[in-house]
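Participant: Let me see the structure of the following:
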Amino acid sequence: MKQQASRRRSLSYNKIHTSGEKVFTISNTLFMMIVCFLTIYPFINTLAVSFNEGPDAMKGGIYFLPRKFTLKNYAEVFSDKAIVRAYAVTVIRTVVGIIVSLFFTGMMAYGLSKPNILFRKTYMMICVVGMIFDAGLVPTYMLYKDTGLLNNFAVYILPSAISIWNMILMKTFFESMPIELEQSAMIDGANTFQIFFKITIPMSMPIIATICIFNGVSQWNSWFDAYMFMARWPELQPVQTYLYKVIALSQSTTTSAAEAELLERRRVNVTTIRAATVMITVLPVTFIYSIFQKYFIQGMMVGSLKG
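Facilitator: Next up, the predicted model:
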(Lines give C-alpha, C1' and ligand atoms only; values in the text may rest on other atoms or scores of the structure.)
Protein backbone atom coordinates (compact mmCIF):
# COMPACT_ATOMS: atom_id res chain seq x y z
CA MET A 1 0.00 0.00 0.00
CA LYS A 2 2.81 2.39 0.89
CA GLN A 3 4.53 1.68 -2.42
CA GLN A 4 1.30 2.34 -4.34
CA ALA A 5 0.76 5.63 -2.49
CA SER A 6 4.35 6.66 -3.19
CA ARG A 7 3.91 5.77 -6.85
CA ARG A 8 0.71 7.84 -7.03
CA ARG A 9 2.48 10.84 -5.49
CA SER A 10 5.37 10.39 -7.96
CA LEU A 11 2.98 10.21 -10.93
CA SER A 12 1.08 13.25 -9.66
CA TYR A 13 4.36 15.20 -9.33
CA ASN A 14 5.43 14.16 -12.82
CA LYS A 15 2.10 15.31 -14.25
CA ILE A 16 2.41 18.68 -12.52
CA HIS A 17 6.03 18.97 -13.60
CA THR A 18 5.13 18.03 -17.16
CA SER A 19 2.21 20.47 -17.18
CA GLY A 20 4.52 23.21 -15.94
CA GLU A 21 6.98 22.46 -18.68
CA LYS A 22 4.21 22.59 -21.26
CA VAL A 23 3.03 25.96 -19.99
CA PHE A 24 6.59 27.29 -20.05
CA THR A 25 7.19 25.95 -23.57
CA ILE A 26 3.98 27.46 -24.90
CA SER A 27 4.61 30.80 -23.19
CA ASN A 28 8.20 30.90 -24.37
CA THR A 29 7.16 30.04 -27.93
CA LEU A 30 4.51 32.77 -28.00
CA PHE A 31 6.94 35.31 -26.56
CA MET A 32 9.61 34.48 -29.15
CA MET A 33 7.04 34.66 -31.95
CA ILE A 34 6.03 38.14 -30.80
CA VAL A 35 9.67 39.24 -30.60
CA CYS A 36 10.37 37.84 -34.08
CA PHE A 37 7.33 39.58 -35.51
CA LEU A 38 8.25 42.93 -33.97
CA THR A 39 11.79 42.50 -35.31
CA ILE A 40 10.86 41.48 -38.85
CA TYR A 41 7.80 43.68 -39.39
CA PRO A 42 9.69 46.98 -40.04
CA PHE A 43 11.71 45.19 -42.71
CA ILE A 44 8.60 43.70 -44.35
CA ASN A 45 6.77 47.01 -44.21
CA THR A 46 9.67 48.92 -45.76
CA LEU A 47 9.95 46.28 -48.48
CA ALA A 48 6.22 46.60 -49.26
CA VAL A 49 6.41 50.41 -49.43
CA SER A 50 9.45 50.25 -51.71
CA PHE A 51 7.43 48.28 -54.29
CA ASN A 52 4.36 50.54 -54.06
CA GLU A 53 3.50 53.56 -56.18
CA GLY A 54 4.37 56.84 -54.52
CA PRO A 55 1.01 58.66 -54.66
CA ASP A 56 -0.81 55.58 -53.40
CA ALA A 57 1.73 55.07 -50.59
CA MET A 58 0.93 58.54 -49.27
CA LYS A 59 -2.56 57.30 -48.39
CA GLY A 60 -1.09 54.89 -45.84
CA GLY A 61 -2.49 51.50 -44.94
CA ILE A 62 0.39 49.50 -46.44
CA TYR A 63 1.54 46.84 -44.00
CA PHE A 64 2.71 43.56 -45.53
CA LEU A 65 2.12 43.74 -49.30
CA PRO A 66 2.22 46.61 -51.82
CA ARG A 67 -1.20 47.84 -52.89
CA LYS A 68 -0.09 49.07 -56.35
CA PHE A 69 3.02 47.20 -57.37
CA THR A 70 5.75 49.05 -59.27
CA LEU A 71 9.50 48.95 -59.88
CA LYS A 72 9.77 52.66 -60.60
CA ASN A 73 11.14 53.42 -57.15
CA TYR A 74 14.18 51.21 -57.74
CA ALA A 75 14.56 52.52 -61.28
CA GLU A 76 14.54 56.06 -59.91
CA VAL A 77 17.17 55.20 -57.32
CA PHE A 78 19.52 53.49 -59.78
CA SER A 79 19.11 56.30 -62.29
CA ASP A 80 21.17 58.41 -59.92
CA LYS A 81 24.86 57.87 -60.67
CA ALA A 82 25.72 58.92 -57.13
CA ILE A 83 24.31 55.76 -55.59
CA VAL A 84 26.11 53.56 -58.14
CA ARG A 85 29.38 55.27 -57.25
CA ALA A 86 28.56 55.01 -53.54
CA TYR A 87 27.90 51.30 -53.96
CA ALA A 88 31.28 50.82 -55.62
CA VAL A 89 33.01 52.74 -52.82
CA THR A 90 31.22 50.64 -50.20
CA VAL A 91 32.19 47.36 -51.84
CA ILE A 92 35.83 48.42 -52.19
CA ARG A 93 36.13 49.69 -48.61
CA THR A 94 34.46 46.54 -47.29
CA VAL A 95 36.73 44.13 -49.17
CA VAL A 96 39.93 46.08 -48.46
CA GLY A 97 38.92 46.66 -44.84
CA ILE A 98 38.30 42.95 -44.27
CA ILE A 99 41.65 41.93 -45.76
CA VAL A 100 43.69 44.55 -43.89
CA SER A 101 41.95 44.02 -40.57
CA LEU A 102 42.15 40.24 -40.85
CA PHE A 103 45.90 40.38 -41.55
CA PHE A 104 46.94 42.78 -38.78
CA THR A 105 44.47 41.51 -36.20
CA GLY A 106 45.47 37.92 -36.92
CA MET A 107 49.18 38.70 -36.63
CA MET A 108 48.64 40.46 -33.31
CA ALA A 109 46.43 37.67 -31.97
CA TYR A 110 48.96 35.04 -33.05
CA GLY A 111 51.78 36.82 -31.24
CA LEU A 112 49.82 37.35 -28.04
CA SER A 113 48.68 33.71 -28.03
CA LYS A 114 52.25 32.60 -27.30
CA PRO A 115 52.88 32.22 -23.55
CA ASN A 116 56.60 33.00 -23.82
CA ILE A 117 56.23 36.51 -25.27
CA LEU A 118 57.63 39.29 -23.05
CA PHE A 119 55.15 41.62 -21.31
CA ARG A 120 52.23 39.61 -22.70
CA LYS A 121 49.88 40.48 -19.85
CA THR A 122 50.86 44.15 -20.04
CA TYR A 123 50.02 44.27 -23.75
CA MET A 124 46.65 42.65 -23.10
CA MET A 125 45.86 45.08 -20.31
CA ILE A 126 46.71 48.06 -22.53
CA CYS A 127 44.53 46.64 -25.31
CA VAL A 128 41.54 46.05 -23.03
CA VAL A 129 41.82 49.50 -21.41
CA GLY A 130 42.07 51.11 -24.84
CA MET A 131 38.99 49.20 -25.98
CA ILE A 132 36.94 50.37 -22.97
CA PHE A 133 37.99 54.03 -22.84
CA ASP A 134 37.72 56.28 -25.90
CA ALA A 135 39.55 59.58 -26.32
CA GLY A 136 36.51 61.26 -27.83
CA LEU A 137 35.53 62.75 -31.17
CA VAL A 138 37.54 65.99 -31.01
CA PRO A 139 40.94 64.34 -30.25
CA THR A 140 40.19 61.73 -32.90
CA TYR A 141 39.45 64.44 -35.46
CA MET A 142 42.65 66.30 -34.60
CA LEU A 143 44.65 63.06 -34.82
CA TYR A 144 43.24 62.27 -38.25
CA LYS A 145 43.96 65.81 -39.38
CA ASP A 146 47.58 65.71 -38.21
CA THR A 147 48.20 62.31 -39.81
CA GLY A 148 46.66 63.28 -43.15
CA LEU A 149 43.68 60.92 -42.95
CA LEU A 150 41.05 63.62 -43.47
CA ASN A 151 39.44 63.40 -46.91
CA ASN A 152 41.54 60.32 -47.60
CA PHE A 153 40.30 56.84 -48.45
CA ALA A 154 42.67 55.47 -45.81
CA VAL A 155 40.39 56.87 -43.10
CA TYR A 156 38.04 53.97 -43.86
CA ILE A 157 40.77 51.34 -43.48
CA LEU A 158 43.56 52.27 -41.06
CA PRO A 159 41.52 53.15 -37.92
CA SER A 160 39.89 49.70 -38.04
CA ALA A 161 43.02 47.78 -39.09
CA ILE A 162 43.23 46.20 -35.63
CA SER A 163 40.10 45.30 -33.67
CA ILE A 164 40.76 44.39 -30.04
CA TRP A 165 37.53 42.44 -29.75
CA ASN A 166 38.32 40.39 -32.84
CA MET A 167 41.88 39.97 -31.64
CA ILE A 168 40.65 38.43 -28.37
CA LEU A 169 38.46 35.99 -30.30
CA MET A 170 41.30 34.94 -32.59
CA LYS A 171 43.76 34.74 -29.70
CA THR A 172 41.43 32.40 -27.81
CA PHE A 173 41.09 30.23 -30.90
CA PHE A 174 44.85 30.10 -31.51
CA GLU A 175 45.45 29.09 -27.90
CA SER A 176 43.12 26.12 -28.33
CA MET A 177 45.13 24.71 -31.25
CA PRO A 178 47.52 21.81 -30.52
CA ILE A 179 51.04 23.08 -29.90
CA GLU A 180 52.44 19.84 -31.35
CA LEU A 181 51.60 21.04 -34.87
CA GLU A 182 53.87 24.05 -34.59
CA GLN A 183 56.60 22.05 -32.91
CA SER A 184 56.56 19.51 -35.73
CA ALA A 185 56.74 22.31 -38.31
CA MET A 186 59.69 23.89 -36.49
CA ILE A 187 61.51 20.56 -36.51
CA ASP A 188 60.98 20.43 -40.28
CA GLY A 189 62.59 23.88 -40.58
CA ALA A 190 59.52 26.13 -40.93
CA ASN A 191 59.83 29.68 -39.61
CA THR A 192 57.16 31.68 -37.77
CA PHE A 193 55.62 33.21 -40.91
CA GLN A 194 55.42 29.86 -42.65
CA ILE A 195 53.73 28.31 -39.62
CA PHE A 196 51.26 31.17 -39.44
CA PHE A 197 50.27 31.20 -43.11
CA LYS A 198 50.53 27.49 -43.94
CA ILE A 199 49.31 25.85 -40.72
CA THR A 200 47.55 28.29 -38.43
CA ILE A 201 45.48 30.17 -41.02
CA PRO A 202 44.16 27.07 -42.88
CA MET A 203 43.08 25.53 -39.57
CA SER A 204 41.37 28.76 -38.44
CA MET A 205 38.72 29.08 -41.14
CA PRO A 206 35.73 29.05 -38.71
CA ILE A 207 37.04 31.99 -36.68
CA ILE A 208 38.24 33.74 -39.85
CA ALA A 209 34.71 33.50 -41.28
CA THR A 210 33.39 34.99 -38.04
CA ILE A 211 35.85 37.88 -38.16
CA CYS A 212 35.06 38.50 -41.83
CA ILE A 213 31.37 38.80 -41.01
CA PHE A 214 32.10 41.17 -38.12
CA ASN A 215 34.33 43.38 -40.24
CA GLY A 216 32.12 43.17 -43.31
CA VAL A 217 28.98 44.24 -41.48
CA SER A 218 30.87 47.01 -39.69
CA GLN A 219 32.42 48.37 -42.89
CA TRP A 220 29.21 48.09 -44.90
CA ASN A 221 27.04 49.84 -42.30
CA SER A 222 29.54 52.55 -41.42
CA TRP A 223 28.46 56.07 -42.36
CA PHE A 224 29.67 58.33 -39.56
CA ASP A 225 33.34 58.23 -40.58
CA ALA A 226 32.46 59.40 -44.09
CA TYR A 227 30.09 62.04 -42.74
CA MET A 228 32.73 63.47 -40.38
CA PHE A 229 36.06 62.85 -42.10
CA MET A 230 35.22 62.81 -45.84
CA ALA A 231 33.17 65.99 -46.13
CA ARG A 232 35.34 67.55 -48.87
CA TRP A 233 35.35 64.45 -51.07
CA PRO A 234 31.73 63.38 -51.63
CA GLU A 235 32.79 61.12 -54.50
CA LEU A 236 34.27 58.70 -51.93
CA GLN A 237 31.30 58.61 -49.60
CA PRO A 238 29.71 55.15 -49.14
CA VAL A 239 26.15 54.10 -49.73
CA GLN A 240 25.23 54.44 -46.05
CA THR A 241 26.05 58.15 -46.17
CA TYR A 242 23.94 58.41 -49.30
CA LEU A 243 21.09 56.75 -47.42
CA TYR A 244 21.53 59.22 -44.56
CA LYS A 245 21.15 62.09 -47.02
CA VAL A 246 18.04 60.50 -48.55
CA ILE A 247 16.45 60.11 -45.12
CA ALA A 248 17.35 63.70 -44.24
CA LEU A 249 15.76 64.83 -47.52
CA SER A 250 12.60 62.83 -46.82
CA GLN A 251 12.24 64.54 -43.45
CA SER A 252 12.83 67.98 -44.88
CA THR A 253 9.95 70.34 -45.52
CA THR A 254 11.80 72.46 -48.07
CA THR A 255 11.09 70.33 -51.14
CA SER A 256 10.21 72.65 -53.99
CA ALA A 257 6.92 72.47 -55.83
CA ALA A 258 8.72 71.65 -59.08
CA GLU A 259 10.49 68.68 -57.49
CA ALA A 260 7.25 67.44 -55.94
CA GLU A 261 5.45 67.72 -59.30
CA LEU A 262 8.26 65.84 -61.05
CA LEU A 263 8.12 63.00 -58.55
CA GLU A 264 4.34 62.91 -58.86
CA ARG A 265 4.56 62.45 -62.64
CA ARG A 266 7.01 59.60 -62.15
CA ARG A 267 4.58 57.90 -59.75
CA VAL A 268 7.14 58.03 -56.93
CA ASN A 269 7.73 60.21 -53.91
CA VAL A 270 10.38 60.76 -51.29
CA THR A 271 8.89 58.11 -48.98
CA THR A 272 8.97 55.29 -51.52
CA ILE A 273 12.43 56.30 -52.76
CA ARG A 274 13.68 56.25 -49.18
CA ALA A 275 12.24 52.76 -48.71
CA ALA A 276 13.86 51.53 -51.93
CA THR A 277 17.19 53.01 -50.88
CA VAL A 278 16.96 51.30 -47.50
CA MET A 279 16.30 47.95 -49.16
CA ILE A 280 19.18 48.37 -51.58
CA THR A 281 21.44 49.17 -48.65
CA VAL A 282 20.28 46.43 -46.28
CA LEU A 283 19.63 43.44 -48.53
CA PRO A 284 23.25 42.64 -49.58
CA VAL A 285 24.59 42.33 -46.04
CA THR A 286 21.48 40.42 -44.96
CA PHE A 287 21.89 37.98 -47.84
CA ILE A 288 25.59 37.44 -47.15
CA TYR A 289 24.98 36.90 -43.44
CA SER A 290 22.26 34.34 -44.14
CA ILE A 291 24.73 32.35 -46.29
CA PHE A 292 27.62 32.40 -43.81
CA GLN A 293 25.53 32.17 -40.66
CA LYS A 294 26.60 28.59 -39.88
CA TYR A 295 30.27 29.55 -40.14
CA PHE A 296 29.63 32.52 -37.88
CA ILE A 297 28.04 30.34 -35.17
CA GLN A 298 30.72 27.68 -35.54
CA GLY A 299 33.49 30.23 -35.19
CA MET A 300 31.92 31.79 -32.11
CA MET A 301 31.51 28.40 -30.45
CA VAL A 302 34.99 27.13 -31.31
CA GLY A 303 36.63 30.40 -30.36
CA SER A 304 35.01 30.27 -26.93
CA LEU A 305 36.51 26.89 -26.00
CA LYS A 306 39.96 26.09 -24.72
CA GLY A 307 41.73 22.79 -24.34
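Participant: For the closest residue to residue 51 other than its chain neighbours, which three-state class applies?
Facilitator: The spatial neighbour of residue 51 that comes closest, neighbours along the chain excluded (CB to CB, 6 or more residues apart in numbering), is residue 66 at 4.3 Å. The way it works is simple: take the backbone N, C-alpha and C, and place the C-beta from them, glycine included. The three-state label given to residue 66 by DSSP: H, G, I helix; E, B strand; the rest coil is coil.
Participant: how deep is residue 66 tucked in, by neighbour count?
Facilitator: 18 (other CB atoms under 10 Å).
Participant: So for stretch 67-86, what gets flagged as buried?
Facilitator: Buried residues in stretch 67-86, defined by neighbour count with 16 or more other CB atoms under 10 Å: 70, 72-74, 76-77, 83, 85-86.
Participant: Let me see the backbone angles for the residue nearest to residue 51.
Facilitator: For residue 66, the backbone dihedrals are phi -70, psi 140 (criterion: degrees, to the nearest 10).
Participant: now do residue 69
Facilitator: According to degrees, to the nearest 10, residue 69 has phi -70, psi 140.
Participant: do the same with residue 52
Facilitator: Backbone dihedrals for residue 52, given as degrees, to the nearest 10, come out at phi -110, psi 150.
Participant: And the residue lying closest to it once chain neighbours are set aside, how far from residue 41?
Facilitator: Distances taken as CB to CB, 6+ apart place residue 66 nearest to residue 52, at 3.9 Å, with adjacent residues excluded. Going from residue 66 to residue 41 by CB to CB, to the nearest Å gives 15 Å.
Participant: just residue 102 next, same as before
Facilitator: 35 Å.
Participant: between those two, who's got more neighbours?
Facilitator: It is residue 102, of residue 102 and residue 41, that has more neighbours when counted by other CB under 10 Å, with 19 against 12.
Participant: for that one, what are its contacts?
Facilitator: 208, 211-212, 215 (CB atoms under 8 Å, 6 or more residues apart in numbering).
Participant: Kindly reformat the residues you listed as CSV containing neighbour count.
Facilitator: Formatted as CSV, the contacts of residue 102 follow (neighbours: other CB atoms under 10 Å):
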residue, neighbour count
208, 19
211, 27
212, 22
215, 21
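Participant: what stretches of the chain score poorly on pLDDT?
Facilitator: Within the chain, the segments meeting pLDDT under 70 span 1-18, 246-268, 292-307.
Participant: Please parse it into its domains.
Facilitator: Segmentation of the chain into domains, based on automatic domain parsing, reads 2-50, 72-303.
Participant: Tell me which of the ones you listed sits most buried.
Facilitator: The highest mean neighbour count among the domains of the chain, using mean count of other CB atoms under 10 Å, belongs to domain 72-303: a mean of 16.
Participant: now that one, how far from the chain's geometric center?
Facilitator: Distance, stretch centre to chain centre, for domain 72-303: 8 Å (CA atoms, centre = their mean, to the nearest Å).
Participant: Let's have the contacts of residue 102 in JSON lines, adding secondary structure.
Facilitator: Listed next are the contacts of residue 102 as JSON lines, based on three-state DSSP:
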{"residue": "208", "secondary structure": "helix"}
{"residue": "211", "secondary structure": "helix"}
{"residue": "212", "secondary structure": "helix"}
{"residue": "215", "secondary structure": "helix"}
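Participant: Residue 215 reaches residue 161, doesn't it?
Facilitator: No. Applying CB atoms under 8 Å as the test, residue 215 and residue 161 come out as separate, 10.3 Å apart.
Participant: so what sits against both of those two?
Facilitator: Residues touching both residue 215 and residue 161 (CB under 8 Å, 6+ apart) are residue 101.
Participant: In space, what's closest to residue 96 - neighbours in sequence excluded?
Facilitator: Using CB to CB, 6+ apart, the nearest residue to residue 96 is residue 157, at 5.8 Å.
Participant: should've said residue 47
Facilitator: Ranked by CB to CB, 6+ apart and with sequence neighbours excluded, the top spatial neighbour of residue 47 is residue 279, at 5.9 Å.
Participant: Which elements pack onto the one helix or strand the one you found maps to?
Facilitator: Assessed by DSSP states H and E, residue 279 sits inside helix 270-291. Using 3 or more CB pairs under 8 Å, 6 or more residues apart in numbering; DSSP states H and E as the contact definition, the elements that helix 270-291 packs against are helix 2-50, helix 54-57, helix 72-78, helix 81-112, helix 205-221, helix 239-250.
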